[in-house]
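Peer 1: Show me how the following folds:
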Amino acid sequence: MGIPIDVPGLSTIIPEIGEGRVVIVESGTDLTNSFFLRHLARSAIDSRRRVTFVTSRDRDEVQETLSSRTTAADDPKDPPRVLEMDSVTALEELAPDGGLLAVDSFSFLTLNLSSHELAHLLRRLHSTCRAQASTAVLTTDRGMFDPRAEAIVIHLADGFLQFHSRDGPDGVVRFLRIPKWTDGKFFDRNIYYEFDGKRIAIDLRNRVL
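Peer 2: Residues are numbered from 1 along each chain as shown. Now for the predicted structure:
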C-alpha cells in the first residue's frame with residue numbers, strides 16, 4: 001500500500017503514490033508544491049508510516065506541523081524526523097524502510113551537483129526505495145534546474161506532477177498537470193484547483209484556458 005494522496009477530487013485520479021516510487025512535484029513561486037509535500041507527510045503519518053522530511057528552511061515549523069499529527073497511541077520512539085540542510089549529495093540513507101522520504105526544495109539542495117552526480121543520486125535513491133518499499137517525493141522550483149538537469153530528473157522519476165498558475169481575465173487561474181505517473185499513465189488535461197495557503201481544492205470540470 002502506498003502513501004494516500006488524500007486530496008478530494010485529485011484522489012479519484014491518483015489515489016496514492018506507490019511503494020518503491022520516486023515522484024517529482026514542481027511549482028512556481030506560490031509554493032503549492034511545498035504545501036502539497038507537507039500534506040503528503042501528514043497523510044503518511046496518519047497511515048502510521050515513518051517519515052523523514054528534508055528541508056532547506058523552517059525546520060522548527062515543519063517539525064511542529066508534523067508532530068501535531070502524532071497521538072499517544074503512536075510509537076514515541078519513531079516520531080517524524082525533520083532535517084534542515086543546505087545541500088545534498090546523497091539521499092538513499094535517509095529513506096525510512098516502508099515509509100516516506102519527503103524532500104522540499106530538491107532543486108535548490110542539488111544546485112552544486114553536476115548532471116552526472118544528479119543522475120547518480122536519483123538512481124541510488126530509486127534503487128533503495130525499490131529495495132525497502134520506501135516512497136520518495138521531491139519538490140522542485142520551476143526554472144531553477146537548467147534544461148539538462150530538468151530532463152534528467154523527469155526521466156529518472158517515476159512520476160511528475162506540475163502545479164501552474166497564470167493570470168486570467170478574472171484573476172489567477174491555477175491548474176495542475178500530470179505528464180507522467182507511476183503506473184505508466186499520463187493525463188493530457190488541465191486539472192484546475194484553488195489554493196489559499198491552507199488547503200487545495202480540486203475542480204474537475206473541463207474548462208478552456
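Peer 1: Quick one: the helices in this protein, in order.
Peer 2: Counting by DSSP state H, the chain has helices at residues 32-46, 59-67, 106-109, 115-132, 147-156.
Peer 1: of all these, which lies closest to W181?
Peer 2: For the helices of the chain, the distance to W181 is smallest for helix 147-156, at 12.2 Å, taking Cβ to Cβ. The C-beta positions use only the backbone N, C-alpha and C, and glycine is treated the same way.
Peer 1: follow-up on the earlier one: and the helices of the chain, which one's lowest on average pLDDT?
Peer 2: Mean pLDDT is lowest for helix 59-67 among the helices of the chain, at a mean of 91.
Peer 1: Mind listing what's buried along it?
Peer 2: Residues V62, Q63, T65, L66 are the ones in helix 59-67 that count as buried (16 or more other Cβ atoms under 10 Å).
Peer 1: cool, stretch 154-171 as well?
Peer 2: Buried residues in stretch 154-171 (16+ other Cβ under 10 Å): I154, L156, A157, D158, G159, F160, L161, Q162, F163, H164, S165.
Peer 1: And stretch 194-202, by the same measure?
Peer 2: F195, I200, I202.
Peer 1: which residues sit in contact with the second one?
Peer 2: Listed by Cβ atoms under 8 Å, 6 or more residues apart in numbering, the contact set of I200 reads V7, L10, T32, F35, F36, H39, Y193, E194.
Peer 1: Selecting buried members of those in PyMOL, what would you type?
Peer 2: Remark: buried members of the contacts of I200, expressed as a PyMOL selection using 16+ other Cβ under 10 Å:
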select buried, resi 7+10+32+35+36+39+193
